[in-house]
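Participant: okay, structure incoming, though there's no sequence with it:
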Ligand SMILES: [Ca+2]
Ligand SMILES: [Ca+2]
């Protein structure tokens, strides 16, 4: 009887530890900027496909899905994209394309008719729906077409 109670106590302790794990993993992860592809391949013709080859990629490194509705991506000039309802799964990324398109898993569209990310230098700023700062990513080089943030 005593042994059985001890086993039950150990099982309870183990269950408590498991229940705490997601919180700890979430604290380790974040919603952050992953990559900015600021000079789309080829001539900058402003075609929609060229505009969409310019994008900012955001990653969810937490262990939970996160609703991004109201999150904003802003450039140095102040051009701002506000996320519609979009749930990003744990460990996944989403690209914010500059041009027009239909939202699909991993892709949302700013809907602009001109580029937003300067080819030489700019700063990407990511904020939550309440305006809290999440991340920023700056670059200052024409040697590369993109930057891993
Ligand atoms: Ca280009
Ligand atoms: Ca800009």
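Facilitator: Noted; the coordinates are in hand. These figures come from a predicted structure and were not determined experimentally. Ligands and ions are numbered 1, 2, ... in the order given.
Participant: show me the shaky parts of the chain.
Facilitator: Residues of the chain meeting the criterion pLDDT under 70: 1-27.
Participant: quick one: the spatially most central residue of it from residue 86, how far?
Facilitator: For the chain, the residue sitting closest to the mean C-alpha position, by CA atoms, centre = their mean, is residue 58 at 2.1 Å. Applying CB to CB, to the nearest Å, the value for residue 58 to residue 86 is 10 Å. The way it works is simple: take the backbone N, C-alpha and C, and place the C-beta from them, glycine included.
Participant: the helix or strand that contains residue 139 pairs with which strands, parallel or anti?
Facilitator: In this structure, residue 139 is located in strand 133-140 according to DSSP states H and E. When pairs are called by DSSP bridges, strand 133-140 turns out to pair with strand 121-127 (antiparallel).
Participant: give me every residue that touches residue 93.
Facilitator: Applying CB atoms under 8 Å, 6 or more residues apart in numbering to residue 93 gives the contacts 34, 57-60, 106.
Participant: now with 10 Å, please.
Facilitator: Going by CB atoms under 10 Å, 6 or more residues apart in numbering, residue 93 touches 34-35, 57-61, 106.
Participant: which two of these have the greatest separation?
Facilitator: Across these, no pair lies farther apart than 61 and 106, at 15.4 Å, counting by CB to CB.
Participant: tell me which of those two has more neighbours.
Facilitator: Neighbour count, other CB atoms under 10 Å: between residue 61 and residue 106, residue 61 has more, with 16 against 13.
Participant: which residues touch the residue nearest to that one when sequence neighbours are not counted?
Facilitator: Nearest residue to residue 61, sequence neighbours excluded (CB to CB, 6 or more residues apart in numbering): residue 29, at 3.8 Å. Residue 29 is in contact with 59-64, 66, 90-91, counting by CB under 10 Å, 6+ apart.
Participant: repeat that with 7 Å
Facilitator: Residue 29 is in contact with 61-63, counting by CB atoms under 7 Å, 6 or more residues apart in numbering.
Participant: good, wrapping up.
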